[in-house]
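**Student:** Whatever this is, show me its structure:
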Amino acid sequence: MKINAYCESKGWLFDDLKREFADSGAVVSDSPLSGADAYICIRSGEFRKSPKPERTVVQVHDMRRYRVEGAGCVSLVHPAQRKHFAGFGGKITMQPIGSRSIEAGQLPNTATIGFFCREVGGLKGSSLFAEAVRLARAEAKFDVLLIGWELDTIQHLGRYERKAAGPADYRRITALATCSVSPMIPLSAYEACAAGRMVVTTPRVWPGGSPWAMVRTAADATGLAAVLRTAVATPQLFPPEKPFCRRRWILEQIEEAKNLCV
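**Tutor:** Prediction:
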């Protein structure tokens, strides 16, 4: 059975997903291929390109509202997305993507706060993070590791690497900070939890209702700074939490597409 996973290649997460779909047996492409038995639309806005909407799994990776009428299945990654698809009459699944294969390793010798993302119009909270770091550094010393894109305005905080964070990068940090406005869980947070690192975050809706043991939440710069100071003053390696696995998610998406052919 030919399952075609498609989206335009624009870097970052979706290109990673295309590679993993290919490794798991799907045929990947920038645009949908004619003659496939079923399709997986990785970027929601490209759903209308599918030649067989009723045999298409539409993935939704953000909090936007999309037109998905006629789709065979809508695949959500966070429960907060459901409100945008309340009127959809077809099948809806909800499963977090989760983490790649992450090894915890040891904490770095120098206390280091990681901030891994691509800033999008301020929605990832880079300015909030910068203010929290400024406040925390009034009483504590620590390094900052920035990995991602569009973080030029805060590169003065520490080391800035323009790339996507890899599994080994989590061993370089003591704790991960994430300050986006969305209630969804960033993939970097799942991966930091899988590495046993503390996660310092703005308020979010966690699967199951409660955050895991290594998660610390604060709503403003003052609160975040206080948690950052605690993270670097008493560095702690937590038992890894990895209830969600990206490879398993990939395989389940392929199975959903196959089920649309039955």
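**Student:** elements contacting the helix or strand in which Ile254 is found?
**Tutor:** Element membership for Ile254 (DSSP states H and E) is helix 246-259. Counting contacts by 3 or more CB pairs under 8 Å, 6 or more residues apart in numbering; DSSP states H and E, the secondary-structure elements packed against helix 246-259 are strand 3-6, helix 12-23, strand 38-41, strand 56-60, strand 73-76. C-beta coordinates here come from the backbone N, C-alpha and C atoms, glycine included.
**Student:** of all the ones you listed, which lies closest to Met94?
**Tutor:** Each of these has some distance to Met94 by CB to CB; the shortest is strand 73-76, at 4.4 Å.
**Student:** what lines up beside the closest one in the sheet?
**Tutor:** Applying DSSP bridges to the sheet, strand 73-76 is found paired with strand 56-60 (parallel), strand 91-94 (parallel).
**Student:** now the longest one against helix 246-259, angle please.
**Tutor:** Translated: strand 56-60. Counting by axes from the mean of the first three to the mean of the last three CA atoms, to 10 degrees, strand 56-60 points 140 degrees away from the direction of helix 246-259.
**Student:** how many neighbours does Thr112 have?
**Tutor:** Using other CB atoms under 10 Å, the number of residues around Thr112 comes to 21.
**Student:** sorry, that was for Arg65
**Tutor:** Quick note: Arg65 (other CB under 10 Å) scores 11 neighbours.
**Student:** Go ahead and report the secondary structure state at it.
**Tutor:** Of the three states, Arg65 takes coil according to DSSP: H, G, I helix; E, B strand; the rest coil.
**Student:** Over to Arg134?
**Tutor:** At Arg134 the chain is in helix, as set by three-state DSSP.
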